[in-house]
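Quick one, structure for this:
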Amino acid sequence: MSDQIIRMLAKDAPVKASAITAGALVERARQIHKTLPTATAALGRALMGASMMGNQLKEEAASLTLRVKGDGPLGGITAVSDSEGNVRGYVQNPAADLPRKRPGKLDVGAAVGAGSLTVIKDLNMKEPYVGTIELLSGEIADDIAAYFLESEQIPTACALGVLLDTDQSVLCAGGYLIQLLPGADESVIRTIEQGVARVGAVTEALRDGMTARGLLMQVLSDFDMEVLEESPVEYRCYCSRDRVTRALISMGKKDLEELIADQGKAELTCQFCDKVYHYSREELEAILAAM
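Next comes the predicted model:
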């Protein structure tokens, strides 16, 4: 079954929710970036968080960037989602790996360390929206929940999990984002907390074959939920030769002339999908002549 993303709304309470299953998506990221287990888990969580946040954007060509910058061995993590939840990303040090906190539990928080989480929403306006908070735990899900509370004043429960096989490939991955709308009282909060506790670790539920819809229906079983949107989601890079050419042009004439003089060619690698774009001296000179 393909990875799925779903958004739901409670008919009987001020609650909205999203969930994602992303085993294939995170495995694709692992293969591209050759991440070791702790880096796989951290990048996977960031990708899924960005996907659910991006999927909330109403503008069709909008995008959302989630940046985690810590002082741990992972360095920075970047994940970029379109408004459908298709996502791409990378981690600064894909070879970062730490001993398990306990059997089966990767220490993502220690690998990320202390630092900041930044969300950039590009809504096709003059300036993007940018919000930054200090990392709460570095575990990604806690930090996303803290971001929503601090920057957007939306109380949020977020769970993200990546389960790896013995060969370090991704067995399953997924998570949810549950948010309170204005008017939610203490009884609604308690009911959500009970649902979160009842389901427990998302990877356990997903390993048994639970879908994104099933995950939300279990956590929010005490509410009358309706589906707003459900669709496939994937790891998707938007790089192209045209985009890379525009990046070369943006260097400016002087820097491009120096590049031609010093190297006589160019080799640019996409950070998101590792595709390499080659430019000969003749191609670079043609770009320069057209500037």
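
all contacts plus neighbour counts: C-alpha atoms, from now on.
Fine.

ok, A141 - contacts?
45, 49, 158-160 (CA atoms under 8 Å, 6 or more residues apart in numbering).

Who wins on neighbours among these?
G49 (31 neighbours; other CA atoms under 10 Å).

For Q168, see how far away it is.
Distance, G49 to Q168, using CA to CA, to the nearest Å: 21 Å.

N124 versus E84, what's the distance?
15 Å.

brain fart, I178
I178 is 26 Å from N124, by CA to CA.

What of A266?
Distance of A266 to N124, given as CA to CA: 31 Å.

Please identify which of these two sits among more neighbours.
A266 (16 against 12).

what's in contact with stretch 108-116?
Outside stretch 108-116, the residues that reach it (CA under 8 Å, 6+ apart) are 38-39, 41-42, 68-76, 96-98, 132-135, 137-140.

What residues of stretch 176-185 count as buried?
With burial defined by 16 or more other CA atoms under 10 Å, the residues of stretch 176-185 counted as buried are 176-180.

how many neighbours does Q168 have?
With other CA under 10 Å as criterion, Q168 counts 15.

That one reaches T38, doesn't it?
No: the pair Q168 / T38 is not scored as a contact, 9.9 Å apart, by CA atoms under 8 Å.

Show me the shaky parts of this protein.
Within the chain, the stretches with pLDDT under 70 are 1.

Quick check: longest strand in it by residues?
strand 170-180 (DSSP state E).

how about stretch 207-222: buried residues?
Within stretch 207-222, the residues scored as buried using 16+ other CA under 10 Å are 210-213, 215-220.

Looking at those residues, which are in helices?
Within these, residues falling in helices by DSSP state H are 212-213, 215-219.

Specify which member of those residues is nearest to T21.
Minimum distance to T21 across these is 5.5 Å, recorded for A212 (CA to CA).

Would you agree the closest one is in contact with I5?
Yes: counting by CA under 8 Å, A212 touches I5, with 6.5 Å between them.

Now the common contact residues for these two.
With CA under 8 Å, 6+ apart as the test, A212 and I5 both reach 19-21.

could I get those as TSV with secondary structure, distance to V119 and neighbour count?
Listed next are the shared contacts of A212 and I5 as TSV, based on DSSP: H, G, I helix; E, B strand; the rest coil; distance: CA to CA, whole Å; neighbours: other CA atoms under 10 Å:
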residue	secondary structure	distance to V119	neighbour count
A19	strand	19	29
I20	strand	19	30
T21	strand	22	31
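
Can you lay out those residues as a markdown table showing distance to A10?
A markdown table is the format used below for these (distance: CA to CA, whole Å):
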| residue | distance to A10 |
| --- | --- |
| A19 | 14 |
| I20 | 18 |
| T21 | 21 |
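
ok and the host helix or strand of L9 relative to helix 212-219, angle-wise?
Using DSSP states H and E, L9 maps to strand 4-10. Orientation check (axes from the mean of the first three to the mean of the last three CA atoms, to 10 degrees): strand 4-10 against helix 212-219 gives 40 degrees.

Please list the residues outside strand 4-10 that contact it.
The contact list for strand 4-10, computed with CA under 8 Å, 6+ apart, reads 15-22, 52, 85, 211-213, 223-233.

strand partners of that strand, parallel vs antiparallel please.
strand 15-21 (antiparallel), strand 225-232 (antiparallel) (DSSP bridges).

how about the last one as PDB, C-alpha atoms only?
Included here for strand 225-232 are C-alpha records, laid out as PDB according to Å, rounded to 0.1, in the frame of the first residue of the first chain:
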ATOM      1  CA  MET A 225     -14.600  12.400  13.000                       C
ATOM      2  CA  GLU A 226     -15.100  13.200   9.300                       C
ATOM      3  CA  VAL A 227     -12.500  13.000   6.600                       C
ATOM      4  CA  LEU A 228     -11.600  16.300   4.900                       C
ATOM      5  CA  GLU A 229      -9.000  14.900   2.500                       C
ATOM      6  CA  GLU A 230      -7.000  11.700   2.000                       C
ATOM      7  CA  SER A 231      -4.300  11.200  -0.600                       C
ATOM      8  CA  PRO A 232      -1.100   9.400  -1.500                       C
END
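
Next, the buried residues of that strand.
Buried residues in strand 225-232, counting neighbours by 16+ other CA under 10 Å, are found at 225, 230, 232.

Stretch 94-107 now?
Applying 16+ other CA under 10 Å to stretch 94-107 flags 94-98, 106-107 as buried.
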